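Student: Below: sequence and its predicted model.
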Amino acid sequence: MKDNTLEEWKQRHNVLIVEMLELLKLPKELEEYCFKLWDLSRGRSPRIPTSLIVDCVYTIAHISGNRRSLKDMMAAAKIVLNRKTKPFNQDKRVDSKRWIDNDWAKGIILDIAPDPNILEDLLER
């Protein structure tokens, strides 16, 4: 499916976020925050946009107190994206840090949930 505009492309990815939230039985109210994190991170994260959705849903679920296991996230990704995707999966052949460990990403997360303790708990995982 080819999107004609950037807005259509973003909307298609937002639909995937909604499907992930529904499948994981997460509150619908988290959609806004998942999309915001995804949209502000998509140009800076090395992850492809669909893998980034898994990262963002996992992050927002975690910081909102609605944590889901990696196993549950991968199962939901398999259904919604048609492939298993582990949150923050990294290529072990390359020495790099997770995109979420960058200062720009921390700033976005703190803007969404301005509690440094929640951020620290997330980053320890």
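Tutor: Sure, I can see it.
Student: I would like the residues contacting stretch 118-125, please.
Tutor: Contact with stretch 118-125 is made by 59, 62-63, 100-101, 106, 109-110, 113, as judged by CB atoms under 8 Å, 6 or more residues apart in numbering. For the C-beta atoms, the positions are set from N, CA and C on the backbone; glycine is no exception.
Student: and these, which of them are in helices?
Tutor: Per DSSP state H, helices hold the following members of the contacts of stretch 118-125: 59, 62-63, 106, 109-110.
Student: Show the buried residues in those residues.
Tutor: 59, 62-63, 106, 109 (16 or more other CB atoms under 10 Å).
Student: what two of those have the greatest distance between them?
Tutor: H62 and K106 (14.0 Å; CB to CB).
Student: Who are the contact partners of I109?
Tutor: Each residue near I109 by CB under 8 Å, 6+ apart is listed here: 37, 59, 63, 100, 119, 122.
Student: isn't L24 right up against D72?
Tutor: Yes: the pair L24 / D72 is scored as a contact, 6.3 Å apart, by CB atoms under 8 Å.
Student: Looking only at neighbour counts, state which of these two leads.
Tutor: Set L24 next to D72 and count neighbours by other CB atoms under 10 Å: L24 wins out with 19 against 15.
Student: gap between the more buried one and A105?
Tutor: 22 Å (CB to CB, to the nearest Å).
Student: got it, and P49?
Tutor: With CB to CB as the criterion, P49 and A105 are 15 Å apart.
Student: V80 now?
Tutor: Taking CB to CB as the measure, V80 falls 23 Å from A105.
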